[in-house]
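Undergrad: Sharing a model that was predicted from the sequence below.
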Amino acid sequence: MAVGGISMDTVIPVRTNWPEDFQEWLQPFLAVFTRSEQRCWAPLYLQGLLGPGARKSVAPMAERVCPGQTQQLHHFVSSSTWSTAPLEQVLRKKADALVGGKDAVLIVDDTALPKQGKHSVGVKRQHCGVLGKQANCQVLVSLTLARKEVPVPIALRLYLPEDWAQDEARRAAAKVPESITFETKGDIALAQIDAALADGVRFGMVLADAGYGSSAGFRAGLTQRGLRWAVGVQPTQKVYPADVRLDVPADPPVGRPAKHPRPSTPSVSVVQMIETLGSKALRRCSWRSGTKGMLSARFAAVWVCVADGALVSHWQHLPGQAAWLVCEVRSSGERKYYFTNHPADTPRRTLVRAIKARWACEQAHQQLKDELGLDHYEGRSWLGLHHHALLTMMAFGYLQHRRLDSVLQAGKKTGIQCTGTATATIIASGTPGHSRRALSGNLRSVSSLRRHDKPASA
C-alpha cells in the first residue's frame, strides 16, 4: 500500500479493508498537519506502533515500516516542530464519537515511565506507580474517556517537577517551552478537563484516585465547573457529621473577638467517621463481572461535610462541601476511602459502581505501554515525548474504533442489537458463536486484534 506517497507493506495482519479504513480514520488528523512531510511520516509512525514487534522505539519500527529511513522517522517524532494541540483536538472529538455520552466517565490519573539517568525531560526520583515505589521516572498526567468499560485516552501531559521547572540549564537542554511553568498534577488535570469541555466532549462524571482527590483545590475546581465527581481520599482526611452547625461565639469581655464561627462538633478522620457507623453499616456490593465471576466487596456510605472550608486555628478547617463518604473493605482487609458529590438520596449501588469505574483507565495505560510502546521512547526532549505520547493515543483510538466496529458488524450478522458502544472486544471471526462471546466478554488486549482479525491477503 502507499501511505503519504511512500510505498510499504501492511504490517498489521488484519482484515482486507484495513488500509482503506485506516486512511479514512486518519484523514482528519492528517488535515491539520501543516507540511506534506509530516503527513507522510505520521502514518508510518502509527504503522510502527500498531504493527508486530516487541520494541516500539524509532530504530526497530523504522526497520519494519521504512527500512533505511530511520533518521527521517526520528526527526519526525523528536525534532519536527509540529504542534500537538490541533491533533489533540481531533483526538478528543474522535473519542467523543466513539464513547462519549451522559453515561460516560472522564478518568483523571497519571502513569509513570521508568527512566535511567537524569537528562530525559522531567525525570526524577518520585513515586512510580508501575513499580509501586519511589524510583527514577517521568510522570504523565492522563485523561481517559470511558463508557461501558471501553476506554479511549485523550490526554497525556508530562508533570514537570518544581526543581526541573526552575533549572534553566536542564530546561534548555530538554527544550522545554518557555510557557511551561511548574503546575501541580491537579492543575494540569483541570486544564485538560477544560480542553475537553471546550471541545464538547460528553461525559457525566469525573473520576480520580487519592493522588488527586485528596486535594481540596482539585475537588473545588471540579465543583466550580459544575461537574459530578467521585474521587479517592487519604485515611487522614477530616470530615464533620452532616448536621454540624457553625456557632458564632460571643465576644469575650477582654481581648480580640473570634474571627471564625465554631463548629458544633469537632472534625474527625474518615476512618473514625466510618467506625462510628458500626460493622453492620458495611454491606456487600458488586460492580461488574470479572474473569472469575462478579467482583464485590463490602461498602459503607455516610453523608458528611468535608473539612475543607476556611482554615482556622490549629490547622483545622471549617465544614465545607457536603458529600458522600464511602469506605470499601476488600477481601484482603485493606480499606479505601472515597468522596463523591452525588445527591444525598443516591443508592449505595450507584455510588459503588461510579467509584469502581476508574478501573478502565488502568487497563488503557497498560495497553499503551505493553503493546503500543508508550514507555519505549528513547529521546530526551519535551516535544519528542509529547509527540510520541500523542501518537500512541491515536493508535489506541484507532484500535478502539476497529473493536467497536467489529462488535456492531457482528451484531448485524447475528441479529443481536448493538446500541451505544457495547463491549470493547474484537470479533474473532464471523461465526455466531464467536460474536456472542465477543459481545459479552471483557476487553481483550491490543495483540488480540492482530491475532484474530483476518490477514490483509486473505
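TA: Noted; the coordinates are in hand.
Undergrad: Hmm, residue 225 is touching residue 203, no?
TA: No. The pair residue 225 / residue 203 is not scored as a contact, 11.8 Å apart, by Cβ atoms under 8 Å. Every C-beta, even on glycine, is put in place using the N, C-alpha and C of the backbone.
Undergrad: State whether residue 294 is indeed within a strand.
TA: Yes. Assessed by DSSP: H, G, I helix; E, B strand; the rest coil, residue 294 belongs to a strand.
Undergrad: tell me which residues form a beta bridge with it?
TA: Beta-bridge pairing of residue 294 under DSSP bridges involves residue 289.
Undergrad: how near is it to residue 329?
TA: When Cβ to Cβ, to the nearest Å is the yardstick, residue 294 and residue 329 sit 17 Å from each other.
Undergrad: ok, back up a step: which of residue 225 and residue 203 has more neighbours?
TA: Shown here are residue 225 and residue 203; by other Cβ atoms under 10 Å, residue 203 has more neighbours (24 against 13).
Undergrad: any idea of the pLDDT on residue 61?
TA: We have a pLDDT of 96 for residue 61.
Undergrad: measure it to residue 181 for me?
TA: Separation of residue 61 from residue 181 (Cβ to Cβ): 33 Å.
Undergrad: the more surrounded of the two?
TA: Each of residue 61 and residue 181 has its neighbours counted (other Cβ under 10 Å); residue 61 has more, 26 against 11.
Undergrad: hang on, isn't the more buried one packed against residue 53?
TA: Yes. Counting by Cβ under 8 Å, residue 61 touches residue 53, with 7.1 Å between them.
Undergrad: Would you map the strands across the stretch 101-250 of the chain?
TA: Using DSSP state E, counting those that start in this stretch, the strands of the stretch 101-250 of the chain run over residues 105-114, 124-128, 133-147, 150-158, 205-208, 229-233, 238-241, 246-247.
Undergrad: Could you name the helices and strands sitting against the third one?
TA: Counting contacts by 3 or more Cβ pairs under 8 Å, 6 or more residues apart in numbering; DSSP states H and E, strand 133-147 packs against helix 85-99, strand 105-114, strand 124-128, strand 150-158, helix 185-198, helix 359-370.
Undergrad: will you turn the ones you listed into CSV that also has mean neighbour count?
TA: What follows is those, written out as CSV (neighbours: other Cβ atoms under 10 Å):
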stretch, mean neighbour count
helix 85-99, 20
strand 105-114, 23
strand 124-128, 16
strand 150-158, 26
helix 185-198, 19
helix 359-370, 20
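Undergrad: between the ones you listed, which one is nearest to residue 298?
TA: Closest to residue 298 of the helices and strands packed on strand 133-147, according to Cβ to Cβ: helix 359-370, at 18.0 Å.
Undergrad: who touches that closest one?
TA: With Cβ atoms under 8 Å, 6 or more residues apart in numbering as the test, helix 359-370 has contacts from 105, 107, 109, 111, 130, 142, 144, 146, 149-153, 288, 374-375, 392-393, 396, 443, 445-446.
Undergrad: now do 6 Å
TA: 107, 109, 111, 144, 146, 149, 151, 153, 374-375, 392, 396, 446 (Cβ atoms under 6 Å, 6 or more residues apart in numbering).
Undergrad: need those in CSV with pLDDT, can you?
TA: As requested, the contacts of helix 359-370 are exported to CSV (pLDDT from 0 to 100):
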residue, pLDDT
107, 98
109, 97
111, 96
144, 98
146, 97
149, 86
151, 96
153, 98
374, 96
375, 95
392, 98
396, 96
446, 39
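Undergrad: where along the stretch 251-400 of the chain do the helices fall?
TA: Here the stretch 251-400 of the chain has its helices, by DSSP state H, counting those that start in this stretch, at 270-275, 348-356, 359-370, 382-414.
Undergrad: With respect to residue 35, which of those helices lies nearest?
TA: Closest to residue 35 of the helices of the stretch 251-400 of the chain, according to Cβ to Cβ: helix 382-414, at 14.0 Å.
Undergrad: and the closest one, what does it pack onto?
TA: helix 36-50, helix 70-78, helix 85-99, strand 150-158, helix 432-440 (3 or more Cβ pairs under 6 Å, 6 or more residues apart in numbering; DSSP states H and E).
Undergrad: Please tell me how far residue 401 sits from residue 199.
TA: From residue 401 to residue 199 the distance is 18 Å (Cβ to Cβ).
Undergrad: Could you tell me which residues make contact with the closest residue to residue 393 other than its chain neighbours?
TA: Spatial nearest neighbour of residue 393, excluding adjacent residues (Cβ to Cβ, 6 or more residues apart in numbering): residue 153 at 4.7 Å. Shown in contact with residue 153 (Cβ under 6 Å, 6+ apart): 144, 364, 393, 396.
Undergrad: Distance-wise, check residue 153 relative to residue 246.
TA: Residue 153 is 43 Å from residue 246, by Cβ to Cβ.
Undergrad: Over to residue 382?
TA: Counting by Cβ to Cβ, the gap from residue 382 to residue 246 is 47 Å.
Undergrad: cool, and residue 280?
TA: Distance from residue 280 to residue 246, by Cβ to Cβ: 31 Å.
Undergrad: quick one: which of these two has more around it?
TA: residue 246 (13 against 7).
Undergrad: got a list of what the more buried one touches?
TA: For residue 246, counting by Cβ under 6 Å, 6+ apart, the contacting residues are residue 261.
Undergrad: again, only this time at 10 Å
TA: 240, 260, 261, 262, 263, 264, 309, 318, 319 (Cβ atoms under 10 Å, 6 or more residues apart in numbering).
Undergrad: Which of those fall within strands?
TA: 240, 262, 263 (DSSP state E).
Undergrad: Let's see the pLDDT reported for the second one.
TA: This points to residue 262. For residue 262, the model assigns a pLDDT of 85.
Undergrad: would you turn the helices and strands packed on helix 382-414 into CSV with distance to residue 28?
TA: Putting the helices and strands packed on helix 382-414 into CSV (distance: least, Cβ to Cβ, whole Å) gives the following:
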stretch, distance to residue 28
helix 36-50, 12
helix 70-78, 19
helix 85-99, 5
strand 150-158, 15
helix 432-440, 28
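Undergrad: Can you say which of these is nearest to residue 118?
TA: Going by Cβ to Cβ, the one of the helices and strands packed on helix 382-414 nearest residue 118 is strand 150-158, 15.2 Å.
Undergrad: and the closest one, how far out from the chain's middle?
TA: Centre-to-centre, strand 150-158 and its host chain are 5 Å apart (Cα atoms, centre = their mean, to the nearest Å).
Undergrad: try stretch 326-334
TA: 24 Å.
Undergrad: With stretch 111-121 instead?
TA: For stretch 111-121, the distance to the chain centre is 20 Å (Cα atoms, centre = their mean).
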